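>>> Quick one: sequence and predicted model below, then my questions.
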Amino acid sequence: MQFYVQTGGTELNSFEAALFYITYIVVVAGIIILVFRFYKGQRMFALMEALVILLATGFIIFAILDTIFYTANAYYITAIAGIATLILIIAKNLHPKLRNMLAVTSSMGVGILIGLNGFYLAYFLMLLIAVYDYIAVFVTKHMISMAREMSSRNLAFLIGSSDVEAVPNTYMTKKDLSSFKKNFKDSKNKDPFIKDLVKGGYVPMVSQVQLGSGDLAIPLMVAVSVYISFLNYFAAIMVTVGSACGMIFTMYLLKKYKVALPAIPPLFAFVSLFVAIIFAMQNPGNFPVWGGFLVISIVTIAFLLQKLRSRDSP
């Protein structure tokens, strides 16, 4: 199957749709921030979480059942998918550790649904979300506050992972080290593993990573959209590999700079890089197309690194 680059109304309509989606995201984010500030209960957030899971995860379950039982009545499949999703919602509230699983399935549902609209919409939308994510983390910083609130309420909009990291004493300031020793002594911690770490000249610190569900949904959206537009499995796989490389690069930046990071910009950079490779492989002579994606990738990575280095410098 040959790739094609369509011009004309498709890009314009897709750009308008992408603007609608990003406006919707910004407005909803603003509403959520206001709710977090003035509402300290849990019920409203539980209902909001349940609605998202019901629509997104329910769509995934429906799609799976519809594929397996393709001759069955669609109303029956919808009812079974709805009941199964409600059971999962109840199970998550009883067992909070299920949060990550439902965040992943909900991300899959959102990514697939938007990706069905085609490549131009998905790519324009990812570009706009990358810009928004950068501003929300580095400028307004409201994304950090949202992540903290969602994590404290154990909402299935984040995928979290935590571990204990042994940090050498030499990496800490005298003030922080003195404070740790005092708190450690007052706590009377009897864990032999922790005691051995402290005696060996290390400080046990909790290392935590919170990944927004959108950081999974957006790359999946582009991967799905590439297949929908070009009917080529290889292209979709290449975008998926690019997303994985972008995630690895994000983890590297987190490890190196130890600051809150917007995940979408590096993901977008590597997705753009692999999209450039796809078009270059298909038509090497069409440099304006694949060269444009390549330039976008390089500029995005350079801009992000420049920002991180400026924060890291004295």
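Okay, I see it. Residues are numbered from 1 along each chain as shown.

>>> Strands along the stretch 51-200 of the chain, start to end?
158-168 (DSSP state E, counting those that start in this stretch).

>>> tell me which residues in the strand or helix carrying Gln306 are buried?
Using DSSP states H and E, Gln306 maps to helix 287-312. For helix 287-312, the buried set under the neighbour-count rule, 16 or more other Cβ atoms under 10 Å, comprises 289-290, 293-294, 296-297, 300-301, 304, 307-308. C-beta: built from backbone N, CA, C; applies to glycine.

>>> Ala156: which of the residues you listed is nearest?
Distance ranking of the buried residues of helix 287-312 against Ala156, using Cβ to Cβ, places Leu304 first at 27.9 Å.

>>> Farthest pair within the buried residues of helix 287-312?
The distance between the two most remote of the buried residues of helix 287-312 (Cβ to Cβ) is 30.0 Å, for Val289 and Leu308.

>>> rewinding a little: could you give the mean pLDDT of the helix holding Gln306?
The average pLDDT within helix 287-312 is 92.

>>> picking that back up, just the closest of the buried residues of helix 287-312 to Val271, please.
Comparing those against Val271 with Cβ to Cβ places Ser297 closest, at 8.2 Å.

>>> For Leu155, see how far away the closest one is.
Counting by Cβ to Cβ, to the nearest Å, the separation of Ser297 from Leu155 is 32 Å.

>>> Please name every helix or strand in contact with the helix holding Gln306.
helix 119-134, helix 233-257, helix 264-282 (3 or more Cβ pairs under 8 Å, 6 or more residues apart in numbering; DSSP states H and E).

>>> before we move on, the earlier item: including distance to Thr105, could the buried residues of helix 287-312 go into CSV?
Formatted as CSV, these follow (distance: Cβ to Cβ, whole Å):
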residue, distance to Thr105
Val289, 35
Trp290, 34
Phe293, 30
Leu294, 34
Ile296, 31
Ser297, 30
Thr300, 29
Ile301, 30
Leu304, 29
Lys307, 33
Leu308, 32
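
>>> Run a quick check on Ala29 versus Asp133, I expect a contact.
No - Ala29 lies out of contact with Asp133 (Cβ atoms under 8 Å); the separation is 10.7 Å.

>>> who has more neighbours, the two?
Using other Cβ atoms under 10 Å, the more surrounded residue of Ala29 and Asp133 is Asp133, with 25 against 16.

>>> show me the contacts for the more buried one.
143, 262-265 (Cβ atoms under 8 Å, 6 or more residues apart in numbering).

>>> how about 6 Å then?
262, 264 (Cβ atoms under 6 Å, 6 or more residues apart in numbering).

>>> okay, it: pLDDT?
In the predicted model, Asp133 carries a pLDDT score of 94.

>>> go on, Lys195?
For Lys195, the pLDDT comes out at 67.

>>> same question, Tyr171
As predicted, Tyr171 sits at a pLDDT of 61.

>>> what does Phe157 give?
What the model reports for Phe157 is a pLDDT of 84.

>>> Could you pull up phi and psi at it?
Main-chain torsions, Phe157, degrees, to the nearest 10: phi -110, psi 0.
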